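Engineer: Return a 3D structure for these sequence lines:
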Amino acid sequence: MSMSDELVDREEELVSSATGRPLTKRGEATRRRLLEAAELVFAEQGYHEASIVKITERAGIGLGTFYLYFDSKQAVFEALVLDLNRRVRHSMSEAMEGASGRLEAERAGFAGFFRFTAEHPALYRVVREAEFVSPEVLRMHYTRIVEGYEAGLRAAQTAGDVDPLLDPAVAAWALMGMGELIGMRFLLWERDADGKPPAQLDPAVFAGMTRFIDNALAPRAGGKDA
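Structural biologist: Next comes the predicted model:
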């Protein structure tokens, strides 16, 4: 498995959560429009203020059509969490492709993560609301990232790229938490003089974060007994 493969799983065949039937290409396009609209509505108004009517109006799709794809507001919310999860992992995977070592892969993967979150700030609000709306889906969001991440760190330890004394599971959760909070502070909360969020993470912040990661992961002199 390549370093980029660790963050990607096979996309399951898309089916309607309302009918259980596989979607046609046209159906997939309609479902995508509903998810894109849901992303905007949930980000702007939050789960409780959002409604199916607001989502279908934003998508330009009839209310009745919504129920061919999702049977409730919670169903489209949960589908959105998993869709954002798949897309952020894909962004990280693409960025990591061709990295020559684990530390380079970490830098590239986080660059992909921050590019995605700058374009899709809804990821933060939707994921945090999932803690209360659908805790099982929240757990799935994080574990889908960490499971592959942990495997990649283990492989890097075997290859000698990462400190062999680190616990891969603890390191994976710590790195994921770092990326999420750095993004929250310096992308989600940051505003310029006109009140606009940044289009990308400040390079100085990124450099400081990656230096921290390099220091944390790099093998120590003396090997396993250091």
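Engineer: wait, L123 sits on D83?
Structural biologist: No. L123 lies out of contact with D83 (CB atoms under 8 Å); the separation is 10.4 Å. All C-beta spots, glycine's among them, are computed from the backbone N, C-alpha and C.
Engineer: Compare those two (neighbour count), which wins?
Structural biologist: Each of L123 and D83 has its neighbours counted (other CB atoms under 10 Å); L123 has more, 24 against 18.
Engineer: Surely the more buried one is within a strand?
Structural biologist: No. Assigned with DSSP: H, G, I helix; E, B strand; the rest coil, L123 falls outside any strand and is helix.
Engineer: per-residue confidence at it?
Structural biologist: pLDDT, L123: 91.
Engineer: Please renumber the chain so that the first residue is 50 from this point on.
Structural biologist: New numbering, starting at 50: the last item is L172.
Engineer: dump the residue contacts of R188.
Structural biologist: R188 makes no contacts at all, as judged by CB atoms under 8 Å, 6 or more residues apart in numbering.
Engineer: so where does it fall, helix or strand?
Structural biologist: Using DSSP states H and E, R188 sits within helix 184-208.
Engineer: following that helix, which helix or strand shows up next?
Structural biologist: As assigned by DSSP H and E, the chain's next helix or strand after helix 184-208 is helix 217-232.
Engineer: Quick one: list the elements packing against the very next helix or strand once past that next one.
Structural biologist: Later in the chain than helix 217-232, the nearest helix or strand by DSSP H and E is helix 252-266. Contacts defined by 3 or more CB pairs under 8 Å, 6 or more residues apart in numbering; DSSP states H and E place helix 252-266 against helix 151-168, helix 217-232.
Engineer: and the most centrally placed residue in the chain, what are its phi and psi?
Structural biologist: In the chain, the centroid-proximal residue (CA atoms, centre = their mean) is V137; its distance is 3.7 Å. When quoted as degrees, to the nearest 10, the phi and psi of V137 stand at phi -70, psi -40.
Engineer: Now for it: which residues touch it?
Structural biologist: V137 is in contact with 162, 165-166, 169, 172, 194, counting by CB under 8 Å, 6+ apart.
Engineer: Which of these sits closest to D251?
Structural biologist: Closest to D251 out of the contacts of V137 is T166 (13.6 Å), distances taken as CB to CB.
Engineer: contacting residues around the closest one?
Structural biologist: Shown in contact with T166 (CB under 8 Å, 6+ apart): 137, 172-173, 232, 236-237.
Engineer: If we use 7 Å, what do you get?
Structural biologist: 172, 232, 236 (CB atoms under 7 Å, 6 or more residues apart in numbering).
Engineer: buried ones in the helix or strand containing R135?
Structural biologist: R135 is located in helix 122-145, with elements delineated by DSSP H and E. Residues 122, 124-130, 132-135, 137-145 are the ones in helix 122-145 that count as buried (16 or more other CB atoms under 10 Å).
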